[in-house]
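Enquirer: Take this sequence and fold it.
(4 chains)
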There are 4 protein chains.
Amino acid sequence: MNHYMKESIDQFKEAHLNKARFLIKCPDQPGIVAAISEFLYNHDANIIASDQYTINPEGGQFFMRVEFECPDLNTKAATLEAEFQPIATQFDMDWKLLYVSQLKNMAIFVSNEPHCLLELLWEYQSGDLMANIALVISNHESSRETVEALGIPFYYIPANKSIRKEVEKKQLELMETYQIDLIILARYMQILTSDFVDKYKSQIINIHHSFLPAFVGAKPYERAYQRGVKMIGATSHYVTNDLDEGPIIEQDIGRVDHRDNSKDMKKIGQTIERTVLAKAVKWHLDDRIIVHDNKTIVF
Amino acid sequence: MNHYMKESIDQFKEAHLNKARFLIKCPDQPGIVAAISEFLYNHDANIIASDQYTINPEGGQFFMRVEFECPDLNTKAATLEAEFQPIATQFDMDWKLLYVSQLKNMAIFVSNEPHCLLELLWEYQSGDLMANIALVISNHESSRETVEALGIPFYYIPANKSIRKEVEKKQLELMETYQIDLIILARYMQILTSDFVDKYKSQIINIHHSFLPAFVGAKPYERAYQRGVKMIGATSHYVTNDLDEGPIIEQDIGRVDHRDNSKDMKKIGQTIERTVLAKAVKWHLDDRIIVHDNKTIVF
Amino acid sequence: MNHYMKESIDQFKEAHLNKARFLIKCPDQPGIVAAISEFLYNHDANIIASDQYTINPEGGQFFMRVEFECPDLNTKAATLEAEFQPIATQFDMDWKLLYVSQLKNMAIFVSNEPHCLLELLWEYQSGDLMANIALVISNHESSRETVEALGIPFYYIPANKSIRKEVEKKQLELMETYQIDLIILARYMQILTSDFVDKYKSQIINIHHSFLPAFVGAKPYERAYQRGVKMIGATSHYVTNDLDEGPIIEQDIGRVDHRDNSKDMKKIGQTIERTVLAKAVKWHLDDRIIVHDNKTIVF
Amino acid sequence: MNHYMKESIDQFKEAHLNKARFLIKCPDQPGIVAAISEFLYNHDANIIASDQYTINPEGGQFFMRVEFECPDLNTKAATLEAEFQPIATQFDMDWKLLYVSQLKNMAIFVSNEPHCLLELLWEYQSGDLMANIALVISNHESSRETVEALGIPFYYIPANKSIRKEVEKKQLELMETYQIDLIILARYMQILTSDFVDKYKSQIINIHHSFLPAFVGAKPYERAYQRGVKMIGATSHYVTNDLDEGPIIEQDIGRVDHRDNSKDMKKIGQTIERTVLAKAVKWHLDDRIIVHDNKTIVF
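Expert: Residues are numbered from 1 along each chain as shown, chains lettered A, B, ... in the order given. Coordinates of the predicted model:
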């Protein structure tokens, strides 16, 4: 990490030292918001932002994200968590308390096309992507120079279908070593085994180069061209064991016309891909996403 | 009002009989959300949706919209309001409690171009614009047939600069008679006096045919063509005494190119105008908008 | 047809009496543009607009649309066509000469949801859709009043899978009687037989309520909701015997989020559907579309 | 220039060795297209793409862009130009013949914010921006490393209002030395004198960080925030002596809401700025733009 980025990150941590976020999911019933807001008030915490959503208001599922500021959060964290547990139990909550100044450790996997990786590195350098990019793994050497120039470790791990287990073993060791919280598949063209995926549930974000569910699978731009569509798109989603079927985080599209062949579509699409992936990553880092069934709630 | 619409409205009222919304504005301080959610919980109300926003979290301004459901709301309304008052006083709140089943009385003012009026009537007929369209006022006869076919009273009031006072006198009497809550200027090409505007602060919505603040004033499409812009737009805003300077509710744009002359731009723009106005009207009817200084918070 | 529309149409015809358009498709080779433009120049025609496109410039397919103005076109039409034939033969052209003042006879088929029909009627009334809407056919009575109010014949033909042949026999007779050039399926929820489709190749435009090829077939909004997409769309296309697989003319999308259930998506989608269909119809009426293989070239 | 880019450029030149484009502007009259296409046919040139536009078809202005392929263009260029002159004279044409393989020499001026510069360098590296980036000039040192890493000369020329003449003298010398065809102001925050601007008419492209004509001048994001707009934009235009009043090439916008302060708007805006500038630069390099009065025709 170079000096400028280190300074930017230190400033961010300092500025957000007393900030945290609850992400909560539980069966809906009266009194949840009252209980949470009273809890925070009683612990001298001031709510900065609060979002909630209920599926089927009566008897349905309740979701909430609350961001708050609390003096001396550092020293109070353990107490807060312990004292929130009875409320969580009472309402049968699936919950997390996330501290804004504790940056997530992020790994980026990339293959030959660098545009999504470059976008993430750009945002990182600009101070707009607040994570600790711990390492980049690629099955090609081509991005090494760019990555290492930023002081980020680069691991070249050749990969193909026949050596998948072995490759993933190395990758998983690195995930352990760097204590990775979030894995970004920035156009990584290898399929992960279910063993790998299960270890990082809702922690692996992929970018697919079509507006899913159109063009699931390989070569979407070629197929878009064959079909004669008038718009192409990209989709960021959490990875599950069903290829391209995981919970969608964000999608966007761009216009094409009869003049665009599949190569043109690919160029147009790359701009969409990098924007859509960067949004999804930022929302995840901001703890804005709750996964429910096979969908995302993005607050 | 024809039979189908009456039925649709009755169904809506029935379905939302126990629903209401708080719109709240006050200085920020700890405990506001806790106080409101506890109040609702203690009155057996279940929060359906809640949005909040704070300008400058420390020492700033706090805004909130809470939609809730409360059994027998009808009979409890007076009690609720009375018992909320101490909380409102404690936090120095500017607040409103709005009952979803009490439809707002709406007047539409229109001149010669009917597209915005027609869009509103369309949404009304489709059951997507839940208001009581009490009357339409126009300085042209051209829309009478369309309006009266829906059973809505139509008033032809010729208008021009020299008879403005007299015209507004008639209009204000009608506003009184029909107990109007919301006035829509659906391409009404007359300027209202400050006497009129002051009586309906944040209750008059206008559609301006440019992406404000570009092309304030007359003939925006002609000026857009002269300037050679590559996109044109429309802006819906609350009317204030500064022409085209009121709080913006919604804006949108469309692309144009060198082939489009000002007449083409007008055609393209009309589709944008009607969409942008309809959105603003619906958000107002859903009590989603809080005006602060010269801006809107749209929850 | 009411008086106002008749006047508007007469004005249009008068203004475009001397205008026509070539739509041309042929194998690419040098000299095509020179031959066509020389031909027009020699017949005193002035080119107003010209678009061309070549797939694979060398040895590929050439497409062209030329709009021109020619004094006394009326009396010269037969000569023009006869004298163009040798050029067409020389270059092996698939060609049409279309006279702008000869409005196309259009039939609209609709089922229960009227929004697309209403949009087309709206554009028609505004003078923006220059066709002769000869009749509306529906398997529901619900739109009769609206259609007949504009002086357009309305035919109620109940339809279901088991009586398809019989239904289509009646419909085809009406197509003959009214000499229909273009059929719009404005959310007509019956499948046409291949006999019907083959008679009107590239003359039937459908609107499908998804961004094809996503959600081919029934209930796209329900399936979009189930999949958790972040955008929904609509697609207008020419009808072929492969359901929802015909050449795409236009597509557009709108954003949705976790708060939108399938009913909300349907509402949001209806606005997209009507816009996308109206664009496709106008482009067809303007002779802007050439179908090639299973794609459209839209000039 | 590094090895990879050199190779990519050499391939491009090789592939387009026989391609050229006419850009033509003249009074409209019959026979122009015929004359041009016959000329090309007689010189064994095959038209690849052709666009034309006429303002006021009768007695108006005619514009055309024709891209063609001609064997041995290299050796025939002088002849082609000489033999086209009589046609140009006959129709009173303002014309250019541009050879695709002769890359334009481009200078980029930048101040402290690097995002637009970085976007252009990115496109350049990806082989999507086919120009010879001859040098970068900045009044800050901050981008030196990035620029020089690509083998592009970087000149630090401190600048402020009081030394403008002297600064421009140095800059103009560099423009001469490098035989610059196109100057990009990639967020260069100094105003150019009319002496400078007059030397490079329709050859200087600027990016302004608002949807002009809204927020002409300084600090558009701050003013957008003050006004409470719901969308912000960016505009690329040729530089004239009227600040922010030159011919607009491209514009785009992004949505903002009440949660976005001027700093957020700036972040959102930077993405729009870099996209809008890159598009304008590419269109200029592809010889797609004709300037007429104070507008652009973009083919």
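Enquirer: and the lengthiest helix in chain A, is it in reach of chain D?
Expert: Counting by DSSP state H, the longest helix found in chain A is helix A:262-285. Yes - Helix A:262-285 reaches chain D (CB under 8 Å from any CB of the partner chain) through A:Lys267, A:Thr271, A:Thr275. The C-beta positions use only the backbone N, C-alpha and C, and glycine is treated the same way.
Enquirer: just checking, the last one touches A:Ile253?
Expert: When you say that, I think you mean A:Thr275. No - applying CB atoms under 8 Å as the test, A:Thr275 and A:Ile253 come out as separate, 11.0 Å apart.
Enquirer: joint contacts of those two?
Expert: Jointly contacting A:Thr275 and A:Ile253 under the rule CB atoms under 8 Å, 6 or more residues apart in numbering or on different chains are A:Ala234.
Enquirer: These two: which has the busier surroundings?
Expert: Remark: of A:Thr275 and A:Ile253, A:Ile253 carries more neighbours, 24 against 20, as counted by other CB atoms under 10 Å in any protein chain shown.
Enquirer: next one: phi and psi at the more buried one?
Expert: Backbone geometry at A:Ile253, expressed as degrees, to the nearest 10, gives phi -140, psi 170.
Enquirer: now the one 4 residues further on
Expert: Here the main-chain torsion angles of A:Asp257 (degrees, to the nearest 10) amount to phi -140, psi -170.
Enquirer: which ones are touching it?
Expert: A:Lys230, C:Val298.
Enquirer: again, only using 10 Å
Expert: A:Gly228, A:Lys230, A:Met231, A:Asp264, C:Tyr53, C:Thr296, C:Ile297, C:Val298, C:Phe299 (CB atoms under 10 Å, 6 or more residues apart in numbering or on different chains).
Enquirer: buried subset of these?
Expert: With neighbours counted using 16 or more other CB atoms under 10 Å in any protein chain shown, those contain these buried positions: A:Gly228, A:Lys230, A:Met231, C:Tyr53, C:Thr296, C:Ile297, C:Val298, C:Phe299.
Enquirer: which among those residues gets closest to B:Leu97?
Expert: A:Met231 (44.6 Å; CB to CB).
Enquirer: quick one: the residue nearest to that closest one when sequence neighbours are not counted from C:Ile253, how far?
Expert: With sequence-adjacent residues excluded and distances taken as CB to CB, 6 or more residues apart in numbering or on different chains, A:Met231 is closest to A:Ile253, at 4.6 Å. Relative to C:Ile253, A:Ile253 is positioned 6 Å away (CB to CB, to the nearest Å).
Enquirer: and if you look at A:Lys267?
Expert: A:Lys267 is 20 Å from C:Ile253, by CB to CB.
Enquirer: Wondering if the helix or strand bottoming out on mean pLDDT in chain A reaches chain B at all.
Expert: The weakest-scoring helix or strand in chain A, judged by mean pLDDT, DSSP states H and E, is helix A:3-15 (a mean of 85). No - using CB under 10 Å from any CB of the partner chain, we find that helix A:3-15 stays clear of chain B, coming within 12.0 Å at best.
Enquirer: Buried residues, that helix. List them.
Expert: Residues of helix A:3-15 classed as buried under the neighbour-count rule (16+ other CB under 10 Å) are A:Met5, A:Ser8, A:Ile9.
Enquirer: and that helix, how far from the chain's centre?
Expert: Here helix A:3-15 is found 21 Å from its chain centre; the criterion is CA atoms, centre = their mean, to the nearest Å.
Enquirer: Tell me which other helices or strands the very next helix or strand once past it touches.
Expert: For helix A:3-15, the following helix or strand on the C-terminal side (DSSP states H and E) is strand A:19-27. Strand A:19-27 sits against helix A:32-42, strand A:46-55, strand A:61-69, helix A:73-90, strand A:94-99, strand A:289-292, with contacts defined as 3 or more CB pairs under 10 Å, 6 or more residues apart in numbering or on different chains; DSSP states H and E.
Enquirer: pLDDT weak spots in the stretch 1-150 of chain A?
Expert: In the predicted model, the stretch 1-150 of chain A carries pLDDT under 70 at residues A:1-4, A:57-59.
Enquirer: How about the residues of it by chain C?
Expert: Contacts of the stretch 1-150 of chain A with chain C, taken as CB under 10 Å from any CB, map to A:Tyr53, A:Thr54, A:Ile55, A:Asn56, A:Phe63.
Enquirer: could you redo the last one with a cut-off of 6 Å?
Expert: Within the stretch 1-150 of chain A, no position lies close to chain C (CB under 6 Å from any CB of the partner chain).
Enquirer: residues from the stretch 1-150 of chain A in reach of chain B?
Expert: A:30-31, A:33-34, A:37-38, A:41, A:46-48, A:50, A:52, A:57.
Enquirer: 8 Å instead, please
Expert: Taking CB under 8 Å from any CB as the measure of proximity, the stretch 1-150 of chain A contacts chain B at A:28, A:30-31, A:33-34, A:37-38, A:40-41, A:44-54, A:57-58, A:69.
Enquirer: Just the buried residues of the residues you listed.
Expert: Neighbour counting with 16+ other CB under 10 Å marks A:28, A:30-31, A:33-34, A:37-38, A:40-41, A:45-54, A:57, A:69 as buried within these.
Enquirer: circling back to that earlier point, closest to B:Val281 among the buried residues of helix A:3-15?
Expert: Among the buried residues of helix A:3-15, A:Ser8 lies closest to B:Val281 (CB to CB), at 44.2 Å.
Enquirer: For that closest one, give me its contacts.
Expert: Applying CB under 8 Å, 6+ apart, we find A:Ser8 in contact with A:Gly127.
Enquirer: tell me which element A:Trp109 falls in.
Expert: I think there's a mix-up here, since residue A:109 is Phe and not Trp. Going by DSSP H and E, A:Phe109 is part of strand A:105-110.
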